[in-house]
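Trainee: structure, please.
(4 chains)
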2 protein chains.
Amino acid sequence: MRPPAETTEGVPARSADATEDWADRHVARWRDHWIDIDFDDEIEAITVRIGFIAKFFNDARATAVSEVGLADFEYKTLHMLMIRDTPGHASPTALAKDLDISPAGMTGRLDSMEKSGWVRRTTSAEDRRKISVEATKAGIEIWRRAMDLRGEAETRLLETLSSERRTELAALLKQLTLRMEAE
Amino acid sequence: MRPPAETTEGVPARSADATEDWADRHVARWRDHWIDIDFDDEIEAITVRIGFIAKFFNDARATAVSEVGLADFEYKTLHMLMIRDTPGHASPTALAKDLDISPAGMTGRLDSMEKSGWVRRTTSAEDRRKISVEATKAGIEIWRRAMDLRGEAETRLLETLSSERRTELAALLKQLTLRMEAE
DNA sequence: GAAAGTTACTTCGCCAGCGAACTATTCGCC
DNA sequence: GGCGAATAGTTCGCTGGCGAAGTAACTTTC
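Mentor: Residues are numbered from 1 along each chain as shown, chains lettered A, B, ... in the order given. Predicted coordinates:
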């Protein structure tokens, strides 16, 4: 859409592939306007690209999820319920924390999902304030079907990279996640 | 400059750093349960990590945005308005498409943002159905302040990588975004 | 040149999620 | 053993966004 930006000095190393992606064009467009802002071309490009790829995965998940007939919030709840270290059951509060939603929101989700039969609430006997949320058989099954579809899209994209480059990518990303976890 | 990811048989490639991140633990926990689902350890780990990093960036943006006193949807709207190829103005329909929201939602955002003074609606003279959305001076200014803060967090995380590894990462991600754009 | 179609935005009714206030239960402590 | 504090979940009023229907302006077609 745009002519390649004049790459004079101060421009970081270019990828072997000369074709520009959206991030390249974005950076080229704004390079001159961000003198006052602490701004690094490559960092901005990486950020934009990660955002795009994450959006791709999100969209793929949303499609997969609606294909099996689940609302997005239902999938997310089931997913979090399943992948936690006590798979299949949790307290509403803990689940809300994991899902980054408010307790009020959690109550709403559970009401709706209990009605649909994906999840079950059971009150604890020894502490009657406590409630345990459990995935039902139907809930687990539909979650797995969505997972399966979701995985296909991810695989299709990531298979663009050779196995070696995929390993490289995994390691680079891990360096970042480890750093995040350290904080 | 490649991470020495020695692949011993059966076991997927390990990063040079033996420390496990959340993605590693997640994959380890589920490896045996996904025999029936087409499932690759490394692909799942990459997906999870990208999701985490994107969430980190999102949270950082949300913090930056609220720090300057903007609602998230206001920032997103201003941002999209500014970074498009006609910076600072667009039609509501085009903007809605870029932002992935409905026309109805766009009307709502514009109503609210116009009231706050970040944005202005002007009706076209030659086609009176058309409206042009423009960022006001105040809107542009506050957006730039948020951008500045946002950039700091991104830089802080990505500076964990050496400049060389950052370039590697940018190139790997670009291979994926190019693939996405091709579709 | 008027009916039919298209385009551009708004209005309406609905839903998910939020923060704050509320209820119910258990814990801590003198 | 009784009372204040803490914990667990729910209710309430409100907001952003959605889909569908509505309005208004322009375009096409005969």
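Trainee: okay, CA-based contacts and neighbour counts for the rest of this
Mentor: Fine.
Trainee: ok, the lengthiest helix in chain A near DNA strand C or not?
Mentor: Longest helix in chain A by number of residues (criterion: DSSP state H): helix A:41-67. No - using CA under 7 Å from any atom of the strand, we find that helix A:41-67 stays clear of DNA strand C, coming within 12.8 Å at best.
Trainee: and the helix or strand just after that helix, what other elements does it pack with?
Mentor: Helices and strands here follow DSSP states H and E; after helix A:41-67, the next one along the chain is helix A:72-83. With contacts taken as 3 or more CA pairs under 8 Å, 6 or more residues apart in numbering or on different chains; DSSP states H and E, helix A:72-83 sits against helix A:41-67, strand A:89-90, helix A:92-99, helix A:103-116, strand A:131-135, helix A:137-158.
Trainee: save these as a markdown table, and put in mean pLDDT and mean neighbour count too.
Mentor: Listed next are the helices and strands packed on helix A:72-83 as a markdown table, based on pLDDT from 0 to 100; neighbours: other CA atoms under 10 Å in any protein chain shown:
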| stretch | mean pLDDT | mean neighbour count |
| --- | --- | --- |
| helix A:41-67 | 96 | 19 |
| strand A:89-90 | 95 | 21 |
| helix A:92-99 | 97 | 17 |
| helix A:103-116 | 97 | 15 |
| strand A:131-135 | 97 | 20 |
| helix A:137-158 | 94 | 18 |
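Trainee: ok, which of those comes nearest residue B:96?
Mentor: Residue B:96 lies closest to helix A:41-67 among the helices and strands packed on helix A:72-83, at 16.5 Å (CA to CA).
Trainee: that closest one vs helix B:137-158, what angle?
Mentor: Counting by axes from the mean of the first three to the mean of the last three CA atoms, to 10 degrees, helix A:41-67 lies at 90 degrees to helix B:137-158.
Trainee: are helix A:41-67 and chain B in contact anywhere?
Mentor: Yes - under the criterion of CA under 8 Å from any CA of the partner chain, chain B is reached by helix A:41-67 at A:42-47, A:49-54, A:57.
Trainee: I'd like to know which elements that helix is packed against.
Mentor: Helices and strands touching helix A:41-67, by 3+ CA pairs under 8 Å, 6+ apart, are helix A:22-30, helix A:72-83, helix A:137-158, helix B:41-67, helix B:137-158, helix B:163-181.
Trainee: at 6 Å what do you get?
Mentor: The contact analysis (3 or more CA pairs under 6 Å, 6 or more residues apart in numbering or on different chains; DSSP states H and E) places helix A:41-67 against helix A:137-158.
Trainee: got the buried residues for stretch A:154-174?
Mentor: A:154-155, A:157-158, A:161, A:166-174 (16 or more other CA atoms under 10 Å in any protein chain shown).
Trainee: same thing with stretch A:176-183?
Mentor: By 16+ other CA under 10 Å, the buried positions in stretch A:176-183 come out as A:176, A:177, A:178.
Trainee: residue numbers of chain A in contact with chain B?
Mentor: Proximity of chain A to chain B (CA under 6 Å from any CA of the partner chain) is limited to residues A:15, A:21, A:37, A:46, A:51, A:54, A:148, A:170, A:171, A:178.
Trainee: with distance to residue B:90 added, can I get the helices and strands packed on helix A:72-83 in TSV?
Mentor: Formatted as TSV, these follow (distance: least, CA to CA, whole Å):
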stretch	distance to residue B:90
helix A:41-67	21
strand A:89-90	47
helix A:92-99	35
helix A:103-116	35
strand A:131-135	46
helix A:137-158	32
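Trainee: export the residues of chain A next to chain B as CSV, with columns for distance to residue B:144.
Mentor: What follows is the residues of chain A next to chain B, written out as CSV (distance: CA to CA, whole Å):
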residue, distance to residue B:144
A:15, 29
A:21, 24
A:37, 8
A:46, 20
A:51, 19
A:54, 24
A:148, 42
A:170, 33
A:171, 33
A:178, 30
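Trainee: which one of the residues you listed is nearest to residue B:80?
Mentor: Nearest member of the residues of chain A next to chain B to residue B:80, counting by CA to CA, is residue A:51, at 13.9 Å.
Trainee: for the closest one, which non-adjacent residue is closest in space?
Mentor: residue B:54 (5.9 Å; CA to CA, 6 or more residues apart in numbering or on different chains).
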